[in-house]
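1. sequence plus predicted model, see below.
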Amino acid sequence: MPRFAANLTMMFGEWSFLDRFAEAAEAGFTAVEFLFPYEHQPAEIADRLERNGLEQALFNLPPGDWAAGERGLAALPERAAEFRDSVARALDYALATKARRLHVMAGLAPSGSAEAGAAYREALRHACAAAAPHGIDILIEPLNKRDMPGYFLDDFGMAADIIAELGLPNLKLQFDIYHRQILHGDVTRGLEALLPITGHIQIASVPLRQEPGTGELDDARLFATLDELDYAGFVGCEYRPRAGTLEGLAWFVRAPRR
Ligand SMILES: O=C(O)C(=O)[C@@H](O)CO
Ligand SMILES: [Mg+2]
């Protein structure tokens, strides 16, 4: 069974953000992820991880003005300086929390735009160079067009091509099974083909983005497939509980504590 990371942005919303760490540990999780830690000091997050014996699997770089609809900066040529600042800020948090993976959001830009493509590649080169000395991977995640209309990285083939083209050892794919199913389907073959370049996996039911096992995919079989493929990374539980986080955990198989 893969090692699951509770997504503290979507799960445990019944508690305040800092209290979600203890609740996740109590529920049996040994790792967590979330979108953004930036409303709290790095030391506060590190303390919650330490106190609850949790590993920080992943979080995102600052995405620009999220409340105003921004969804990342990397593919926005006019925001290159701000993007570089966001890399430094995220690395401060990654070092404090011992996170080994950072998700770089591309932003809203036409997928076919040469200018956006060039800015994106330059941004990824910069992020990977800054993260590499710390043993940190930079992840890119294709997002489906229904949840994230206008998002630059909207295709798994495009992500794989960019990773191959840049050839950076710490640039990896964030394979979100929910987005994969909506964008392309063919999830098992996708995992088989892309696992060598995958640094993180996420799961949610399709189409409602709720608990695994409640949608159109056979999630238990996909977890077995990950075991068969010797996937040793995390599976982030990036779903919105249907009727309470704890009430919806019947699907969850606790990993032995490491
Ligand atoms: O939406 C997702 O899926 C994510 O993983 C986020 O980090 C980006 O919105
Ligand atoms: Mg995701």
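-> Perfect, I can see it now. Residues are numbered from 1 along each chain as shown. Ligands and ions are numbered 1, 2, ... in the order given.

2. for the residue in the stretch 101-250 of the chain positioned nearest to ligand 2, give me the pLDDT.
-> Of all residues in the stretch 101-250 of the chain, residue 176 sits closest to ligand 2, with a separation of 3.6 Å (CB to the ion). Just so you know, the C-beta spots here come from the backbone N, C-alpha and C atoms, and that holds for glycine as well. Looking at residue 176, its pLDDT reads 98.

3. packing partners for the one helix or strand residue 50 maps to?
-> Using DSSP states H and E, residue 50 sits in helix 42-51. With contacts taken as 3 or more CB pairs under 8 Å, 6 or more residues apart in numbering; DSSP states H and E, helix 42-51 sits against helix 20-27, strand 55-60, helix 80-97.

4. if we can go back for a sec, identify the bridge partners of the nearest residue to the residue of the stretch 101-250 of the chain closest to ligand 2 once chain neighbours are set aside.
-> In this structure, residue 176 finds its nearest non-sequential neighbour in residue 202, 4.1 Å apart by CB to CB, 6 or more residues apart in numbering. Under DSSP bridges, the beta-bridge partners of residue 202 are residue 176, residue 236.

5. contact partners for residue 202?
-> 7, 141, 174, 175, 176, 177, 178, 235, 236, 237, 238 (CB atoms under 8 Å, 6 or more residues apart in numbering).

6. near ligand 1 too, which of these?
-> Residues of the contacts of residue 202 in contact with ligand 1 (CB under 6 Å from any ligand atom): 141, 176, 238.

7. export these to CSV and tack on distance to residue 183?
-> Compiled in CSV, the ones next to ligand 1 among the contacts of residue 202 are given as follows (distance: CB to CB, whole Å):
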residue, distance to residue 183
141, 11
176, 10
238, 15
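
8. neighbour count added to these, as TSV?
-> Below are the ones next to ligand 1 among the contacts of residue 202 laid out as TSV (neighbours: other CB atoms under 10 Å):
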residue	neighbour count
141	22
176	23
238	24
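
9. give me the residues contacting stretch 35-54.
-> 9, 17-18, 21-22, 24-25, 29-32, 55-56, 59-60, 62-63, 66, 89, 92-93, 95-98, 257.

10. which parts of that stretch are buried?
-> If you call a residue buried by 16 or more other CB atoms under 10 Å, then stretch 35-54 has these buried ones: 35, 36, 37, 38, 42, 45, 46, 47, 48, 49, 52, 54.

11. gap between the two ends of that stretch?
-> 16 Å (CA to CA, to the nearest Å).

12. is ligand 2 within reach of it?
-> No. Stretch 35-54 does not reach ligand 2 (CB under 5 Å from the ion); its nearest approach is 9.0 Å.

13. how far off centre is that stretch?
-> 17 Å (CA atoms, centre = their mean, to the nearest Å).

14. which residues of the stretch 51-200 of the chain lie near ligand 2?
-> Contact residues, the stretch 51-200 of the chain versus ligand 2 (CB under 5 Å from the ion): residue 176.

15. hmm, back to that, which of the buried residues of stretch 35-54 lies closest to residue 71?
-> residue 35 (10.8 Å; CB to CB).

16. so which strand or helix has the closest one?
-> Using DSSP H and E, no helix or strand contains residue 35.

17. try residue 129
-> helix 114-131.

18. does the following helix or strand past that helix reach ligand 1?
-> Of the helices and strands lying after helix 114-131 in sequence (DSSP H and E), the nearest is strand 137-140. No. Contact of strand 137-140 with ligand 1 (CB under 6 Å from any ligand atom) is absent, the minimum separation being 9.2 Å.

19. and the average pLDDT for the helix or strand just after strand 137-140 is what?
-> Downstream of strand 137-140, the next assigned helix or strand under DSSP H and E is helix 156-166. Summarised as a single mean, pLDDT over helix 156-166 is 98.

20. in helix 156-166, what's buried?
-> By neighbour count on 16+ other CB under 10 Å, the buried set for helix 156-166 is 156, 159, 160, 162, 163.

21. relative to helix 114-131, how tilted is that helix?
-> 60 degrees (axes from the mean of the first three to the mean of the last three CA atoms, to 10 degrees).
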